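Enquirer: The sequence and its predicted three-dimensional model are supplied below.
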Amino acid sequence: MGFETQDVERKTIAILRILSQSSEPVGARIISHELGEHGIELTERAVRYHLKLMDERGFTESVGRDGRLITQQGLEELESALVGDKVGLVASKIELLAYQTEFDVNRHRGKIPVNISFFPERQFKKAIEVMRRVFQAGICVSDLVAVARQGEELGGIIVPQGRIGLATVCSVIINGALLKAGIPMDSRFGGILQIRNNKPLRFVELIQYSGSSLDPSEIYIASRMTSVGQVAREGQGRILANFREIPAACQPLAEKVVARLEETKLGGVLMMGEVSKPLCAVPVELNKIGIILTGGLNPVAAAVESGIEVDNHAMSTVMEYRRLTEFQDI
């Protein structure tokens with residue numbers, strides 16, 4: 001059987017995933033057991049055969065009798081292979097982060113979802129000044145943020161050398177809060193929303209979460225498709241926004257949940273529509289209410305617009321609410 005067959009390729013990726021999750025060498029016995037837990041039956045002998053082929057391709061390297069380590073080439077292969085398996089990954093990530101949201105609106109504590117952005121140390125001061133106007137204009141989910149320097153962590157993610165990390169509240173906080181209240185939310189699109197006279201006009205770009213392997217916000221920012229800074233200055237331009245739907249019967253309760261969140265400096269709801277009626281040129285399903293959420297990465301998008309290099313990880317992790325501070329205090 002040729003090495004490039006789909007079956008062999010999937011087994012290769014499965015082994016690489018296991019190796020990528022360990023900083024220590026992993027042997028064939030452990031790999032075989034881990035594969036079995038994921039429904040892939042491979043004997044130790046078969047695993048060793050695959051590992052030998054992966055060594056030849058440069059994906060793994062042997063470390064004595066202890067097993068194998070994944071190489072940089074192997075990490076790159078894992079990142080790019082089997083893109084079909086990644087379709088819908090963003091939608092799944094939203095659901096996971098919503099489930100992991102543990103915020104207690106009464107006690108003002110618990111984990112909330114955040115985006116993580118890494119700035120070059122030399123440009124962070126400039127980035128702060130650019131983002132300040134955006135936060136002041138309210139073009140964000142919250143003005144609560146967290147900052148960490150190289151070697152420190154944000155939600156379990158270590159800040160790389162020469163970088164400063166910034167955590168911004170993600171719009172999935174709304175999904176999580178509504179989920180805890182028993183309200184189902186359908187996350188449909190990530191988009192670019194046109195603003196005119198400081199009011200939402202229409203969506204001009206949309207990417208469906210269920211059909212995407214990449215986060216729409218990261219795509220829009222990298223492609224320089226926003227003009228968030230202009231919106232903050234002039235009330236005209238294009239910002240990051242997300243489109244959700246909830247059952248019409250849940251609207252009164254949803255409004256109460258959103259109001260309680262806003263009391264704790266957690267917002268993000270830009271507009272809530274009417275039953276079954278289009279919202280900002282986006283059709284809404286029967287007996288549903290459309291909701292537009294402000295993108296949590298809008299302040300960072302403004303920094304990128306000004307020429308600052310930023311490495312973004314949208315919907316990255318969850319952090320304890322009490323670890324966040326107001327942007328004006330950093």
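Expert: Done, it's in.

Enquirer: Just want the phi and psi numbers for Met225.
Expert: phi -100, psi 0 (degrees, to the nearest 10).

Enquirer: any idea how far Asn298 is from it?
Expert: With the distance defined as C-beta to C-beta, to the nearest Å, Met225 ends up 12 Å from Asn298. Glycine gets a C-beta too; all of them are placed from N, C-alpha and C.

Enquirer: Looking at those two, which one has more neighbours?
Expert: Asn298 (27 against 15; other C-beta atoms under 10 Å).

Enquirer: Check the secondary structure at the closest residue to Cys250 other than its chain neighbours for me.
Expert: Among residues not flanking Cys250 along the chain, Ile183 sits closest, at 4.5 Å (C-beta to C-beta, 6 or more residues apart in numbering). At Ile183, secondary structure determined by DSSP: H, G, I helix; E, B strand; the rest coil is coil.

Enquirer: quick one, what contacts Ile183?
Expert: Each residue near Ile183 by C-beta atoms under 8 Å, 6 or more residues apart in numbering is listed here: 246-247, 250, 253-254, 257.

Enquirer: For these, pick the one with the most neighbours.
Expert: The member of the contacts of Ile183 that has the most neighbours, counting by other C-beta under 10 Å, is Ala254 with 22 neighbours.

Enquirer: what's the top helix by length along the chain packed up against?
Expert: For the chain, the longest helix by residue count, based on DSSP state H, is helix 6-20. Counting contacts by 3 or more C-beta pairs under 8 Å, 6 or more residues apart in numbering; DSSP states H and E, helix 6-20 is packed against helix 28-37, helix 44-56, strand 67-70, helix 72-80.

Enquirer: and among these, the most buried is which?
Expert: strand 67-70 (a mean of 21; mean count of other C-beta atoms under 10 Å).

Enquirer: Output the helices and strands packed on helix 6-20 as CSV; include the columns distance to Arg17.
Expert: Formatted as CSV, the helices and strands packed on helix 6-20 follow (distance: least, C-beta to C-beta, whole Å):
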stretch, distance to Arg17
helix 28-37, 9
helix 44-56, 12
strand 67-70, 9
helix 72-80, 6
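
Enquirer: I'd like to know how many residues surround the closest residue to Ile40 other than its chain neighbours.
Expert: In space, and not counting its chain neighbours, Ile40 is closest to Ala14: 5.5 Å by C-beta to C-beta, 6+ apart. Other residues near Ala14 number 19, with proximity taken as other C-beta under 10 Å.

Enquirer: next one: the one 10 residues further on
Expert: Using other C-beta under 10 Å, Glu24 is surrounded by 8 other residues.

Enquirer: check contacts around the residue lying closest to it once chain neighbours are set aside.
Expert: Nearest non-adjacent residue to Glu24, counting by C-beta to C-beta, 6+ apart: Asp66, 7.6 Å away. Contacts for Asp66 (C-beta under 8 Å, 6+ apart) come out as 24-25, 27.

Enquirer: Would you mind giving the residues you listed as CSV with distance to Glu95 and pLDDT added?
Expert: As requested, those are arranged in CSV below (distance: C-beta to C-beta, whole Å; pLDDT from 0 to 100):
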residue, distance to Glu95, pLDDT
Glu24, 31, 85
Pro25, 34, 90
Gly27, 34, 92
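
Enquirer: Return the member of these nearest to Ile112.
Expert: When those are compared for distance to Ile112 (C-beta to C-beta), Glu24 wins out at 32.6 Å.

Enquirer: State the pair within the contacts of Ile183 that is farthest apart.
Expert: Distance extremes for these: the farthest pair is Pro247 and Val257 at 13.8 Å, using C-beta to C-beta.

Enquirer: Quick check: buried residues in the strand or helix carrying Ile116?
Expert: Using DSSP states H and E, Ile116 falls within strand 111-120. Across strand 111-120, burial judged by 16 or more other C-beta atoms under 10 Å covers 111-119.

Enquirer: so where's the stretch 1-150 of the chain uncertain?
Expert: Applying pLDDT under 70 to the stretch 1-150 of the chain picks out residues 1-5, 81-87.
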